[in-house]
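A.B. asks: structure of the sequence below:
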Amino acid sequence: MDEEHSKFTPNAPLRLEVAVKAAFPAGGLTVAGLRKEIARGRLEVELIAGKHFTTLAAIERMRERCRSNPMDTAASETLTQRDVASIAAKETHAASSALLRLVKADLERSRAKRQQARMAKGKKKSIRDG
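C.D. replies: Numbers count the residues shown, from 1 in each chain. Sure thing, here's the model as predicted:
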């Protein structure tokens, strides 16, 4: 850390622009990169008055989460495009199946309500006729 940024304590809330400069003074990461890590759930952030704040300690924890294990790296390098496509297809199928189940359940509830309404209407009519 250079002199300008050494004044920040590890838990001081910093805007992303300041935090990225303080944590990566030689560059290599941008605010957009921090936002990607926030979206991935690896960087803790506070939203105050519509602005994102993080700390140098949170960035250090993010860096720990981002460190790859040599075993994980070897396994991930063996994934082929076919493997990735297969995983994506399974996730898409599972999501569409879940959506289809929800739609069918909603349709069944709707049918049941209409049938109950028809039955109730029929009972009222037979009471009047009787």
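A.B. asks: please make it C-alpha for all contacts and neighbour counts, starting now.
C.D. replies: Will do.
A.B. asks: can you pull out the helices in this structure?
C.D. replies: Ranges of helices within the chain are 16-23, 31-39, 56-66, 70-77, 81-129, based on DSSP state H.
A.B. asks: report the angle between the third one and helix 16-23.
C.D. replies: I take that to be helix 56-66. With axes from the mean of the first three to the mean of the last three C-alpha atoms, to 10 degrees defining the directions, helix 56-66 sits at 70 degrees from helix 16-23.
A.B. asks: which among the helices of the chain is found nearest to Ile48?
C.D. replies: Nearest to Ile48, of all the helices of the chain, is helix 16-23, at 12.4 Å by C-alpha to C-alpha.
A.B. asks: distance between that closest one and the chain's centre?
C.D. replies: 23 Å (C-alpha atoms, centre = their mean, to the nearest Å).
A.B. asks: now swap in stretch 50-57 and tell me
C.D. replies: Distance, centroid of stretch 50-57 to centroid of chain: 18 Å (C-alpha atoms, centre = their mean).
A.B. asks: quick one: buried residues of it?
C.D. replies: 52-57 (16 or more other C-alpha atoms under 10 Å).
A.B. asks: which one of those residues is nearest Arg35?
C.D. replies: Once C-alpha to C-alpha is applied, the member of the buried residues of stretch 50-57 that ends up nearest Arg35 is His52, at 9.4 Å.
A.B. asks: for the closest one, give the beta-bridge partners.
C.D. replies: Under DSSP bridges, the beta-bridge partners of His52 are Leu47.
A.B. asks: and it, how far from Leu29?
C.D. replies: 17 Å (C-alpha to C-alpha, to the nearest Å).
A.B. asks: list the contacts for the closest residue in space to Thr30 that isn't next to it in sequence?
C.D. replies: Using C-alpha to C-alpha, 6 or more residues apart in numbering and skipping the chain neighbours, the partner closest in space to Thr30 is Val20 (6.4 Å). Applying C-alpha atoms under 8 Å, 6 or more residues apart in numbering, we find Val20 in contact with 29-31, 34.
A.B. asks: great, nothing more from me.
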